[in-house]
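Chemist: sequence and predicted structure, then a few things I'm wondering about:
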Amino acid sequence: MSEPLTIGIAGLGTVGGGLLDLLDAHSARLAAMIGREIRITGVSARSKSNGRENRLGKMTWFDDPVALAKSPTNQVFVELIGGEDGVAKAAVEAALNAGKHVVTANKALLAKHGVALAALAEKNGVALNFEAAVAGSIPVIKTLREALSANRIRRVYGILNGTCNYILTQMQSEKRAFADVLKEAQDLGYAEADPTFDVGGFDTAHKLAIITSLAFGSKVALDQIHVEGIESITQADIEAADSLGYRIKLLGVASESDAGIEARVSPALVYKDSAIAEVSGVTNAVAIDGDFCGNILLVGAGAGAKPTASAVASDIVDIGFGFIMPPFVTPSAKLKVHKRAKLDHHYGSYYVRLALDDKPGAMAAIATRMGDRGISLESIVQHRPVTPTAPGAVPQPPSKAAATVIIITHETTEEAMRKALESIVTDGKVTERPQMIRIEEL
Ligand code: HSE
């Protein structure tokens, strides 16, 4: 057998621990596969004492991840620190500059510096692999980079954040409150350290920025992505969508047309009987629509120690085989500029929830404003105003203040919707900001 493939791992948190477990469990099988042992020669983490001292064996401990990245004791540097800048970036750059292959799970780093890091990897003739950065164990990077590279991709979309999908699923199936479910997702270890990254849509945006680049051969452009989170989704939206035959999902969607690339993260109504609607809990899904491959849907675990370690290890195995390609398939110098299509030109149907003054003429005024903008309504339903009561409390008489009106439109432009809702707000017929959610035909 040849000399071992030596690796240095920076970051021994959830994913790093999972990687140690995987390399322990499968060392003989992987060695047989690539013809040499995968040997962890160095590690670095925030703290040495974490109940893992006895796992480190002959591995050399580095207090400084950058020193580990530069150390000649390893050929592959595995970055599992996280963060878009700081030590993670410094260590990855140091490793690439030292002519080492890099494997990273760091979506934020790639979303911000992906093109520059790819250029550095290409200059040094080394791999920069990041299967674990998007959707955990789902092989979306390899699918786009390798299996579907010969296709012209028309659209890529998915459920890319397990925390949001868990919250929306629980709000729907258990009628639980948003904050209560978020707390549970944090306790289960799915949520980011700062959960606004999850619920605000930013985690999904990081992942979408990476797969948009791979899908369309464009530069990674996080700042060109329209981002909306799920904070505004209420139980009223979940129930109204359900009664109309829809589920609400936080989707990352990117499509390319002559107008450019439309890349957005937002809650969306999807038909209950669509495949994506069936993806529940923390599960992720990625759908890819290519001109020769047709529609492909990948579903699986998007986070967690084992699934993410599976993705990291597969990147190490590729390096073991000597399989190196430009990180974003197209060489970084040839990636086209991400030309943003105007979201105002988005054409589709919309769900709208309005809290309306329950007075004569209010509904007619809404319909007029929609009609003024050429928006045709598919359905409009007014719910009797209800004053919510705590379980077991004496029911209260209905509030006379506001009625909930749910509208589903026929296809129209985002600009028409935006302007119609602006007029409705200006007219003063609504008692709170209107809720507008795109309906996705998937
Ligand atoms: N916070 C992320 C999620 C973890 O909930 O999916 C994986 O990136």
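Modeler: Thanks, I have the structure now.

Chemist: Gly99: how many residues sit nearby?
Modeler: 11 (other C-beta atoms under 10 Å). Placement of C-beta: from N, CA and C, glycine included.

Chemist: and if you look at Trp61?
Modeler: Neighbour tally, Trp61, other C-beta under 10 Å: 12.

Chemist: look up how far the ligand lies from the nearest residue to His26 once chain neighbours are set aside.
Modeler: Once flanking residues are discounted, His26 sits nearest to Ala313: 7.6 Å by C-beta to C-beta, 6 or more residues apart in numbering. Ala313 is 17 Å from the ligand, where distance means C-beta to the nearest ligand atom, to the nearest Å.

Chemist: shouldn't Ala313 be in contact with Leu22?
Modeler: Yes. With contact defined as C-beta atoms under 8 Å, Ala313 counts as touching Leu22 (5.1 Å).

Chemist: ok so, going back, in a helix, the residue nearest to His26, correct?
Modeler: Yes. Counting by DSSP: H, G, I helix; E, B strand; the rest coil, Ala313 is part of a helix.

Chemist: and for it, the neighbour number?
Modeler: Other residues near Ala313 come to 21 when the count uses other C-beta under 10 Å.

Chemist: now do it, the pLDDT please.
Modeler: Reported pLDDT at Ala313 in the predicted model: 98.

Chemist: which residues touch it?
Modeler: Residues near Ala313 by C-beta atoms under 8 Å, 6 or more residues apart in numbering: 19, 22-23, 26, 30.

Chemist: among those residues, which are located in helices?
Modeler: Among these, the members found in helices (DSSP state H) are 19, 22-23, 30.

Chemist: between those, which is closest to Thr413?
Modeler: The closest of those to Thr413 turns out to be Leu19 (C-beta to C-beta; 47.3 Å).

Chemist: who's in contact with that closest one?
Modeler: Counting by C-beta under 8 Å, 6+ apart, Leu19 makes contact with 9, 78, 80, 309, 312-313.

Chemist: recalculate using a threshold of 10 Å.
Modeler: Contact partners of Leu19, counting by C-beta atoms under 10 Å, 6 or more residues apart in numbering, are 7, 9, 11-12, 40, 78, 80, 103, 105, 132, 305-306, 308-313, 316.

Chemist: and if you look at Leu128?
Modeler: Counting by C-beta under 10 Å, 6+ apart, Leu128 touches 92, 95-96, 101-104, 110, 114, 117-122, 315, 324-328, 332.

Chemist: got any residues that touch both of Ala313 and Leu22?
Modeler: Residues touching both Ala313 and Leu22 comprise Leu30, with contact defined as C-beta under 10 Å, 6+ apart.

Chemist: quickly note the distance from the residue nearest in space to the middle of the chain to the ligand.
Modeler: Among the residues of the chain, the one closest to the centroid is Thr204, at 2.5 Å (C-alpha atoms, centre = their mean). Distance, Thr204 to the ligand, using C-beta to the nearest ligand atom: 8 Å.

Chemist: all numbers from here: first residue = 36
Modeler: Fine by me, first position is 36 from now on; the one you just mentioned is Thr239.

Chemist: can you verify my assumption that that residue contacts Ala303?
Modeler: No. Using C-beta atoms under 10 Å as the test, Thr239 is too far from Ala303 to be in contact (11.6 Å).

Chemist: anything in contact with each of those two?
Modeler: Joint contacts of Thr239 and Ala303 (C-beta under 10 Å, 6+ apart) are 285-287.

Chemist: sort out for me which of those residues are in strands.
Modeler: 285-287 (DSSP state E).

Chemist: which residue packs closest to Ala80, ignoring adjacent ones?
Modeler: Nearest to Ala80 is Leu47, by C-beta to C-beta, 6+ apart, at 3.9 Å.

Chemist: what distance do you get for the residue sitting furthest away from the middle of the chain to Tyr192?
Modeler: With distances taken from the mean C-alpha point of the chain and given as C-alpha atoms, centre = their mean, the most distant residue is Pro395, at 44.3 Å. Separation of Pro395 from Tyr192 (C-beta to C-beta, to the nearest Å): 43 Å.

Chemist: which residue ranges of the stretch 186-335 of the chain form strands?
Modeler: 188-194, 261-262, 281-292, 295-306, 318-325, 329-336 (DSSP state E, counting those that start in this stretch).

Chemist: save those strands as a markdown table, and put in mean pLDDT and distance to the ligand too.
Modeler: As requested, the strands of the stretch 186-335 of the chain are arranged in a markdown table below (pLDDT from 0 to 100; distance: least, C-beta to the nearest ligand atom, whole Å):
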| stretch | mean pLDDT | distance to the ligand |
| --- | --- | --- |
| strand 188-194 | 98 | 9 |
| strand 261-262 | 98 | 15 |
| strand 281-292 | 98 | 10 |
| strand 295-306 | 98 | 13 |
| strand 318-325 | 98 | 7 |
| strand 329-336 | 97 | 10 |
